[in-house]
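> okay, predicted coordinates and the sequence, questions at the end:
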Amino acid sequence: MTNHLNSCKRNQEAEEERCRFGTQYEIPLQVPVIQRQPKPWESLAARQAQRASTSSVPDILPVHGRQHAPVTTPTIPAVIAESDTVPLGVPAPHQTSQSPASGAVDLGTIDTIYHDHSGKAPLRETPEEYRQRRAREAAPAPPPESTPQHPWHPFATRADFEFAELSLNASLSRKEIGDFLALLRRCQAGTDEITLRDYSHLRDTWNEAAHLLTPFTEATVRVPYQNTEPDNFFDIQSKLPETGKPIAILLYSDKTELSSFGGQKGYPVYARIANLPSDIRNGTGIGGGRVVGWLPVIKDEQEDAGKPAFVDFKRVVWHDSFKILLKTIKKHAKDGHWVKCGDNIDRHLFPCVLILSADYEEQCIMAAIRGGANANKPCPVCLVDGEDMGKSLEQYVMRTTDEARLNLENTKLETTKEQQNEVLKVTGLRPIANAFWDIENSDPYRALSWDRLHSYPGGLGRHLIEELTNDSNKWEDSARVLLFTVFNMFPPSDRINHQLLRCLRSFLNLNAYSSFENFTSSTLADIESKLRIFANEIEKYAQINKETKSWNFPKLHTHMHMINDILGKGATKNFNTKPNEAMHKVLKLFYLFMTNFRDVDTQLVTFEHWSYTAVFIRDQLDRLDACNSDPSMGEGAPSRGRPGRAAGRKHVWEHITFGSPQKTTLLHKFSVRTAIGEKNFPSQLDRLDLMSSVNTLLAANPAATDFKITSQTMIQDFRMMRVQYESKETWDVEENILRCTPLFNEKPWFDSVLVQTDDGPLFARLLLLFTLSNSKGSRTIPFAVIEPYDAPIPTQVRKHDSSLQMLRVRPPTPSVPEVVFARSIIRGTLLIPDWEEESSDFMVFDILDSDMFLRVKEIRSK
């Protein structure tokens with residue numbers, strides 16, 4: 001009896017700790033809105049004043065008649081959907097006449113408009129203030145005042161828990177755990193001893209032991225080869241009482257193979273809290289995704305497989321199982337539940353299913369429709385006819401719960417199965433009561449979300465690659481690289497293949513836009529335009545290639561709902577299946593190493609629960625350690641998206657940092673050819689006079705006229721640099737690591753860069769990084785030697801490239817390296833050779849990332 005009471009007391013204490021901790025991630029319901037910039041004909045005086053202020057920047061960097069200007073902060077347009085959280089409010093209308101605080105409107109401000117029920121006043125911030133606030137909200141919460149002193153409970157000691165955690169993370173089997181514990185007991189008893197200090201010591205010992213047997217040897221074989229408006233959350237909150245706060249749930253389910261052999265399958269259901277920032281929500285720690293259910297897998301019996309009645313039976317089992325899962329929130333979704341949150345404020349919380357994330361086949365199950373290319377109404381979200389799936393952005397009637405209920409109810413008026421199917425044919429529904437219909441504010445057809453992972457790289461991208469190569473392996477990378485590999489192989493005279501390349505280019509544009517984390521009114525308009533262009537390009541291809549497949553299939557249609565999902569739920573990363581599919585890996589490891597391959601469902605959910613328990617206890621331990629060692633934990637967290645600089649890092653100038661320093665020497669004794677490598681760029685370096693170029697650069701720059709080169713001027717070259725820049729898409733600070741070294745991974749490595757000049761961005765090859773100083777501790781100036789790619793491109797070549805929206809650059813003839821201030825480097829780039837013989841041209845890989853995509857778009861438009 002005493003043991004029982006102690007156990008109950010421990011459980012109660014643990015539950016109280018769990019409740020206190022679980023409420024610490026309450027996130028304000030908000031959506032930032034950035035005022036749009038005035039058009040050229042608006043606020044002319046303000047724009048002229050802005051130009052006047054920016055033109056007075058003193059640090060102008062001329063090089064051989066070219067002005068290299070310092071990198072400036074990009075201007076920020078109007079935000080429609082923000083990246084970090086599922087939109088939890090509504091953006092302000094696109095107007096500049098009103099302000100939350102005053103009638104004045106500042107360029108580049110961000111307005112956060114809260115829902116009326118929140119009781120919060122609108123907030124106006126500068127972009128930097130907005131980033132800092134996001135950083136504070138995303139930073140780890142400080143330790144609670146009542147941090148438990150023994151958070152490892154019910155484990156007897158902290159060491160017990162850490163051993164259990166280690167064995168779980170390593171997926172140790174029962175035998176391995178037993179052997180491990182027996183070893184520890186021997187050491188405790190003093191009959192044995194572990195002398196290994198760390199992994200290096202263990203590795204070295206293994207290497208010594210390896211000589212006991214014949215080792216492997218390496219040999220080379222040479223063989224010749226010939227050749228929103230975010231209205232979903234806003235609408236839900238509007239339906240709640242004024243005191244109500246929605247807790248938005250993201251659900252994902254998918255049947256998966258637990259091993260590559262044996263045929264064992266699992267059917268996990270994952271849940272995430274959409275209110276949380278994406279960094280937390282899409283993770284696997286506290287606040288991240290967890291397994292909340294395990295659905296039964298019904299095996300297809302040979303005599304029943306594929307029969308309509310058996311397929312309907314499996315769908316009924318799925319929805320009835322899901323009803324049991326949703327029963328846990330059904331009452332609270334209707335009436336709400338008062339919870340004391342981490343800030344000791346009682347809140348009236350209403351759970352709802354905001355997002356259903358799944359691939360197309362699973363979405364058809366969630367919507368309880370008859371899906372597939374041959375279905376009458378194949379879309380889980382709208383009522384498009386099967387033969388119209390390839391049409392671009394047509395407005396189709398959207399599915400609703402009320403209409404679906406009515407359609408299913410009307411089948412009761414019919415007496416035969418055939419008559420009932422005819423009634424359901426209007427909407428394509430199966431004769432099933434959807435599990436989500438009974439949950440308040442959880443319309444499944446509105447919650448179902450376009451899946452970028454399976455629709456683009458794993459869908460349309462794979463189809464396009466199969467047309468070109470008959471190989472869909474590694475489609476995600478291949479789809480991005482293929483165009484730049486084969487574009488010269490299929491000129492416009494090859495009508496079929498060139499049109500297919502145009503389809504691929506159009507797809508790559510859509511794929512880039514869909515990966516954005518922030519969306520503006522202009523980017524959403526671009527997506528709508530690109531969707532129409534893609535549909536037209538596919539239609540043209542199907543017309544001229546009579547042997548191609550039918551392009552009238554669901555994935556050609558479902559991306560038409562992308563814009564609505566972005567407006568309703570934020571960036572696509574909020575509802576992409578990728579974070580959830582990554583969680584399958586842990587379950588597969590549990591299956592392979594920790595189960596006995598019998599009754600695996602029970603074992604897997606047990607191990608998953610242990611894993612979540614370990615995550616919770618580990619978080620409590622980390623907080624206890626932080627509380628004991630640093631009471632100020634949580635303050636001064638680095639800004640979100642701003643890469644931190646390592647303590648003690650040297651050679652830093654504003655947004656650039658030099659690394660991999662070489663020996664310092666006198667300038668007049670320095671050899672550029674030795675620094676770059678005798679065999680690298682020999683003809684270009686013959687035309688470079690380093691000292692003369694530096695003198696010309698310094699003389700033309702008013703900010704550097706006080707620096708004079710003397711016989712004692714010292715030079716130090718570097719082989720790596722870090723450059724930070726503000727992304728044109730996320731507005732966060734990103735960082736590139738760039739190298740210019742004669743030997744990296746046993747090969748020369750000279751990255752390409754984008755350099756800021758008064759004439760616009762310049763693509764170039766980075767050849768050398770160096771600094772000059774006149775004495776130790778005196779002023780040091782960072783320089784770079786580049787090979788510019790600024791030769792004019794003939795009109796005919798540009799016309800050919802524009803057909804596939806390619807940007808070509810080439811060095812002048814002869815190519816003369818230039819010396820520039822290193823601070824004029826904006827970021828790194830990727831240039832791909834055009835593969836023609838005796839050609840020095842390069843194609844800019846514009847789909848490297850979203851920032852480069854937008855920069856190249858601006859360059860091409862000019």
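Everything's here; your move. Residues are numbered from 1 along each chain as shown.
> low-confidence ranges, the stretch 701-850 of the chain, go.
Filtered on pLDDT under 70, the stretch 701-850 of the chain yields no residues whatsoever.
> I'd say residue 480 and residue 847 touch.
Yes. Contact criterion C-beta atoms under 8 Å: residue 480 and residue 847 qualify, at 5.6 Å. Placement of C-beta: from N, CA and C, glycine included.
> so for the chain, the centremost residue is which one?
A centroid search over the chain (C-alpha atoms, centre = their mean) returns residue 573, at 6.3 Å, as the residue closest to the centre.
> which of the three states applies to that residue?
Following DSSP: H, G, I helix; E, B strand; the rest coil, we place residue 573 in the helix state.
> could you check the pLDDT of it?
On pLDDT, residue 573 comes in at 92.
> excluding chain neighbours, give the residue nearest to it in space.
residue 278 (5.9 Å; C-beta to C-beta, 6 or more residues apart in numbering).
> what is the burial count for the one you found?
Here the count is done by other C-beta atoms under 10 Å, and residue 278 has 21 residues near it.
> okay, now the unreliable bits of the stretch 51-200 of the chain?
Those would be 51-108, 138-147, if you go by pLDDT under 70 across the stretch 51-200 of the chain.
> can you show me the strands along it?
61-63, 66-68, 79-81, 110-112, 123-125 (DSSP state E, counting those that start in this stretch).
> same question, the stretch 201-350 of the chain
244-253, 256-257, 265-266, 268-273, 290-294, 337-340, 346-357.
> what pairs with the fourth one, parallel or antiparallel?
Sheet neighbours of strand 268-273, with direction, are listed as strand 244-253 (antiparallel), strand 290-294 (antiparallel) (DSSP bridges).
> out of the ones you listed, which one sits most buried?
Highest mean neighbour count of these: strand 244-253, a mean of 23 (counted as mean count of other C-beta atoms under 10 Å).
> and it with strand 346-357, angle?
30 degrees (axes from the mean of the first three to the mean of the last three C-alpha atoms, to 10 degrees).
> what's the pLDDT at residue 347?
We have a pLDDT of 91 for residue 347.
> same deal with the one 3 residues further on?
Each residue has a pLDDT score; the one for residue 350 is 94.
> report the contact partners of the closest residue to residue 456 other than its chain neighbours.
For residue 456, ignoring the flanking residues on the chain, the nearest one in space by C-beta to C-beta, 6+ apart is residue 511 at 5.0 Å. Residue 511 makes contacts with 456, 457, 461, 479, 480, 847, as judged by C-beta atoms under 8 Å, 6 or more residues apart in numbering.
> now residue 356
250, 251, 252, 363, 366, 436, 444, 447, 448, 449.
> how about the last one, nearest residue that isn't a chain neighbour?
So that's residue 449. Once flanking residues are discounted, residue 449 sits nearest to residue 575: 3.6 Å by C-beta to C-beta, 6+ apart.
> and the one you found, how many neighbours?
With neighbours defined by other C-beta under 10 Å, the count for residue 575 comes to 26.
> and it, what does it touch?
Here residue 575 is in contact with 250, 355, 357, 449, 450, 451, 565, 569 (C-beta under 8 Å, 6+ apart).
> now swap in residue 371 and tell me
Residues counted as contacts of residue 371 (C-beta under 8 Å, 6+ apart) are 360, 361, 363, 364, 378, 380, 554.
> any figure for the gap between the last one and residue 605?
Distance check for residue 554 against residue 605: by C-beta to C-beta, to the nearest Å, it reads 32 Å.
> give me the angle between the longest helix anywhere in the chain and strand 268-273.
For the chain, the longest helix by residue count, based on DSSP state H, is helix 600-629. Interaxial angle of helix 600-629 relative to strand 268-273 (the same axes, to 10 degrees): 30 degrees.
> buried residues in helix 600-629?
600-601, 603-605, 607-608, 610-621, 623-624, 626 (16 or more other C-beta atoms under 10 Å).
> quick one: average confidence on the next helix or strand after it?
Toward the C-terminus, helix 600-629 is succeeded by strand 652-653 as the next helix or strand (DSSP states H and E). On average, the pLDDT along strand 652-653 is 93.
> got it, and stretch 252-268?
Here stretch 252-268 scores 87 as its mean pLDDT.
> show residues contacting that stretch.
The contact list for stretch 252-268, computed with C-beta under 8 Å, 6+ apart, reads 269-272, 289, 291, 293-297, 356-359, 362, 366, 577, 580-581, 583-584, 587-588, 591-592, 597, 600-601, 604.
> what's around residue 555, how many residues?
Using other C-beta under 10 Å, residue 555 has 21 neighbouring residues.
> cool, residue 772 as well?
If you count neighbours by other C-beta under 10 Å, residue 772 ends up with 19.
> got the contact list for it?
When contacts are counted by C-beta under 8 Å, 6+ apart, residue 772 is found next to 667, 694, 707, 709, 713, 714, 715, 780, 781, 783.
> and residue 444, by the same measure?
Here residue 444 is in contact with 353, 356, 366, 367, 401, 434, 436, 437 (C-beta under 8 Å, 6+ apart).
> where's the third one relative to residue 697, distance?
So the one you mean is residue 366. In terms of C-beta to C-beta, residue 366 sits 63 Å off from residue 697.
> cool, and the fifth one?
Remark: distance between residue 401 and residue 697 (C-beta to C-beta) = 68 Å.
> and these two? Which one has more around it.
Between residue 401 and residue 697, residue 697 has the larger neighbour count (other C-beta under 10 Å), namely 21 against 17.
> so the more buried one, which state does it fall into?
With three-state DSSP as the criterion, residue 697 reads helix.
> pretty sure it contacts residue 821?
Yes. Using C-beta under 8 Å, residue 697 is in contact with residue 821, at 7.2 Å.
> which one among the contacts of residue 356 gets closest to residue 126?
residue 250 (31.8 Å; C-beta to C-beta).
> who's in contact with the closest one?
Residues in contact with residue 250 (C-beta under 8 Å, 6+ apart) are 86, 271, 272, 273, 274, 281, 354, 355, 356, 357, 574, 575.
> let's go with 6 Å and repeat that
Contact partners of residue 250, counting by C-beta atoms under 6 Å, 6 or more residues apart in numbering, are 272, 274, 355.
> next, count neighbours for residue 832.
Other residues near residue 832 come to 17 when the count uses other C-beta under 10 Å.
> and it, what element?
strand 831-833.
> confirm residue 454 sits in a helix?
Yes. Under three-state DSSP, residue 454 falls within a helix.
> surely it and residue 358 touch.
No. The pair residue 454 / residue 358 is not scored as a contact, 8.8 Å apart, by C-beta atoms under 6 Å.
> against residue 349, how distant is the closest residue in space to residue 401 that isn't next to it in sequence?
Leaving aside its sequence neighbours, residue 401 sits nearest to residue 443 (C-beta to C-beta, 6+ apart; 4.9 Å). Separation of residue 443 from residue 349 (C-beta to C-beta): 20 Å.
> these two: which is more packed in?
Shown here are residue 443 and residue 349; by other C-beta under 10 Å, residue 443 has more neighbours (24 against 18).
> please list only the buried members of the contacts of residue 250.
Buried members of the contacts of residue 250, counted by 16+ other C-beta under 10 Å: 272, 274, 355.
> quick check: bridge partners of the last one?
Residues found in beta-bridge contact with residue 355 (criterion: DSSP bridges) are residue 250.
> so what pLDDT did it get?
Residue 355 is assigned 94 on the pLDDT scale.
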